[in-house]
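# Below: sequence and its predicted model.
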4 protein chains.
Amino acid sequence: MLNRVVLVGRLTKDPDLRYTPNGHQVATFTLAVNRTFSNQQGERQADFINCVVWRKLAENVANYLNKGSLAGVDGRLQTRTYDDKSGKRVYVTEVIAESVQFLESKKNNQSGNQNQRNSDHGPFSDTTDFPPISEDDLPF
Amino acid sequence: MLNRVVLVGRLTKDPDLRYTPNGHQVATFTLAVNRTFSNQQGERQADFINCVVWRKLAENVANYLNKGSLAGVDGRLQTRTYDDKSGKRVYVTEVIAESVQFLESKKNNQSGNQNQRNSDHGPFSDTTDFPPISEDDLPF
Amino acid sequence: MLNRVVLVGRLTKDPDLRYTPNGHQVATFTLAVNRTFSNQQGERQADFINCVVWRKLAENVANYLNKGSLAGVDGRLQTRTYDDKSGKRVYVTEVIAESVQFLESKKNNQSGNQNQRNSDHGPFSDTTDFPPISEDDLPF
Amino acid sequence: MLNRVVLVGRLTKDPDLRYTPNGHQVATFTLAVNRTFSNQQGERQADFINCVVWRKLAENVANYLNKGSLAGVDGRLQTRTYDDKSGKRVYVTEVIAESVQFLESKKNNQSGNQNQRNSDHGPFSDTTDFPPISEDDLPF
DNA sequence: TTTT
DNA sequence: TTTT
């Protein structure tokens, strides 16, 4: 069934690259997508959309995008469910990115940058507040 | 910034029509959008996407769509935050539908159907599990 | 670069299935997509969008869709150029469909229907008014 | 019916701003949208998509975008028909842009630039190769 | 909390 | 938990 999402926004953090137990790459990041209209109080508004990328694209994302980078995402909406530490069922809606366009990068992929890239923690550590991803979330 | 979602799916329930304190119409419904591929266990899968419609379109949705209706939605992704009964902050991602296409309706808008249409409870009762919507979620 | 099109409309004719010299399947069809608003004279309006599908999907389209079928298309916009019989250069813009959703079929894929399915003429005959497609239009 | 297009690309020329006889603003421009994959000969490829914007947005486009600017477009596909100078009927497919995102501008809207902005020729002169637009192409 |  |  038709399920399509297209977004342009800025990363709120460096992307987070992990590996599933079977060695598949997954990167997660959040896009801040500014709204056209400000709210009643005259404040600019943004939506914060969680995005997930798999395989080779995950590595490209981790290599070329940082906090603040402008990116376009073309993908589909997905819902997942998981149990938080208190055992409560949590419902999440996120974008599975099928293609990502790098529109503007602050730091041009130089290594050794002071704000340590947020990756390679090994699988599924919880240094991030992004909803945890398990092996069987891998699409097809 | 670019923010576009297009979906085709079936309503999991009758839509829920409410009115804000200031008299604006809001309807909410959930679309089951079937995935192309089944999972490892060979089960068909679906994503369940919460949708919100405002104003006149909210009334049309409430009048023409029921549980099981097939509908197309064109809109944008939005994130909101609210506190649940236990005071815990909850993050939701949903689609603000800007246009809705009625593709197939089971019961042709006849009134008096046994499974009582789920609307007109007055503002913001909690007979539904849809994330509560407040006046200032009204777009522009 | 981001390039995404999503349409829902009805086929103006049976789809046309061909084979390239190298044996690749290509189907072409035109979608009538109704506009929301009528024109100054109060007439309902439609846009007529040419769509192209390749490989296995081309066969599915030829098997499951007929004139009048309602279909959803997710794909990308493409421009091509070719020379018409009078040698004049013609520019066409069409949709390369990457996925097609069958929403409603008039005749349920029964064979032997009176208005002979418009396919298998061999490559690139001109029984159709659809812009001719050549081998190297095959995407990747 | 669902009809949605989202593109990111670069303007092939300065936008062309006109006024209809009734004083409505229309701007036209062509977006070069690069393809991901190169062709058999290993050449990078692009699609050239004609876009039309009306009213206030037309003026913003004319003011903020130049040849080479990177822009995102969210709109719908439209087909039109007109007769060329030789009296031959021509079919065009183009994007009616409903919102345009300015992603990068070469020259920051400074006036007095040497390559004279291509606008204000009065209605429908033919200094451009863009398919001519008539008053009744104005959407609603 | 899920639709055909 | 939020970006320019």
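Received, thanks.
# Could you use CA atoms for every contact and neighbour count after this?
Noted.
# Leaving out sequence neighbours, find the closest residue to A:Trp54.
Leaving aside its sequence neighbours, A:Trp54 sits nearest to A:Val26 (CA to CA, 6 or more residues apart in numbering or on different chains; 4.5 Å).
# Would you agree that neighbour is in contact with A:Val53?
Yes. A:Val26 sits in contact with A:Val53 when judged by CA atoms under 8 Å, with a separation of 5.6 Å.
# Partner strands of the top strand by length along chain A, with direction?
For chain A, the longest strand by residue count, based on DSSP state E, is strand A:89-104. For strand A:89-104, the pairing partners within the sheet under DSSP bridges are strand A:46-54 (parallel), strand A:70-83 (antiparallel).
# contacts for the first one?
The set of residues external to strand A:46-54 that reach it, using CA atoms under 8 Å, 6 or more residues apart in numbering or on different chains, is A:24-35, A:93-98, A:130, A:138, B:77-80, B:93.
# for the most centrally placed residue in chain A, what are its contacts?
Among the residues of chain A, the one closest to the centroid is A:Phe29, at 2.1 Å (CA atoms, centre = their mean). Counting by CA under 8 Å, 6+ apart, A:Phe29 touches A:11-16, A:50-52.
# Who is it paired with across the strands?
Applying DSSP bridges to A:Phe29 gives these bridge partners: A:Cys51.
# Ok, the one 4 residues further on next?
Partner residues in beta bridges with A:Val33, using DSSP bridges, are A:Asp47.
# just A:Ser99 next, same as before
Assessed by DSSP bridges, A:Ser99 has beta-bridge partners A:Asp74.
# Can you give me the distance of the spatially closest residue to A:Glu135 that is not a sequence neighbour to A:Arg10?
Here the nearest residue to A:Glu135 in space, its sequence neighbours aside, is A:Thr20; by CA to CA, 6+ apart that works out to 5.5 Å. Look at A:Thr20 and A:Arg10: by CA to CA, to the nearest Å, they are 26 Å apart.
# Of those two, which one has the most company?
When A:Thr20 and A:Arg10 are compared on other CA atoms under 10 Å in any protein chain shown, the one with more neighbours turns out to be A:Arg10, at 25 against 17.
# hmm, back to that, for the residue nearest to the centre of chain A, give its distance to DNA strand E.
Between A:Phe29 and DNA strand E the computed distance is 23 Å (CA to the nearest atom of the strand, to the nearest Å).
# Same check on A:Asp137?
For A:Asp137, the distance to DNA strand E equals 16 Å [CA to the nearest atom of the strand].
# so A:Asn60 is in which element?
Assessed by DSSP states H and E, A:Asn60 sits inside helix A:55-64.
# Please tabulate the strands paired with strand A:89-104 in a markdown table, including the columns mean neighbour count.
Supplementary listing: those in a markdown table, determined by neighbours: other CA atoms under 10 Å in any protein chain shown:
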| stretch | mean neighbour count |
| --- | --- |
| strand A:46-54 | 22 |
| strand A:70-83 | 19 |
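# I'd like the ones you listed written out as JSON lines, with mean pLDDT added.
Converted to JSON lines, the strands paired with strand A:89-104 look like this (pLDDT from 0 to 100):
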{"stretch": "strand A:46-54", "mean pLDDT": "97"}
{"stretch": "strand A:70-83", "mean pLDDT": "96"}
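# Using CSV, lay out these together with distance to B:Leu2.
Below are the strands paired with strand A:89-104 laid out as CSV (distance: least, CA to CA, whole Å):
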stretch, distance to B:Leu2
strand A:46-54, 11
strand A:70-83, 8
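# Pipe these into CSV and attach distance to DNA strand E per row.
What follows is the strands paired with strand A:89-104, written out as CSV (distance: least, CA to the nearest atom of the strand, whole Å):
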stretch, distance to DNA strand E
strand A:46-54, 18
strand A:70-83, 8
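# Of the ones you listed, which is nearest C:Asn66?
Nearest of those to C:Asn66, taken as CA to CA: strand A:70-83 at 28.1 Å.
# Give me the contact status of that closest one with DNA strand F.
No. Residues of strand A:70-83 contacting DNA strand F under CA under 7 Å from any atom of the strand: none, with a closest distance of 8.0 Å.
# May I have that strand exported as PDB, CA atoms only?
In PDB, the C-alpha atoms belonging to strand A:70-83 read as follows (Å, rounded to 0.1, in the frame of the first residue of the first chain):
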ATOM      1  CA  LEU A  70      20.800  19.700   6.400                       C
ATOM      2  CA  ALA A  71      19.500  16.500   4.800                       C
ATOM      3  CA  GLY A  72      16.600  15.300   2.600                       C
ATOM      4  CA  VAL A  73      15.000  12.000   3.400                       C
ATOM      5  CA  ASP A  74      12.800   9.900   1.200                       C
ATOM      6  CA  GLY A  75      11.300   6.800   2.900                       C
ATOM      7  CA  ARG A  76       8.300   5.300   4.500                       C
ATOM      8  CA  LEU A  77       6.500   5.600   7.800                       C
ATOM      9  CA  GLN A  78       6.700   2.700  10.200                       C
ATOM     10  CA  THR A  79       5.300   1.900  13.600                       C
ATOM     11  CA  ARG A  80       7.000  -0.300  16.200                       C
ATOM     12  CA  THR A  81       6.300  -1.300  19.700                       C
ATOM     13  CA  TYR A  82       8.700  -2.100  22.500                       C
ATOM     14  CA  ASP A  83       8.700  -2.300  26.300                       C
END
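# If anything else comes up later, I'll come back, but that's it for now.
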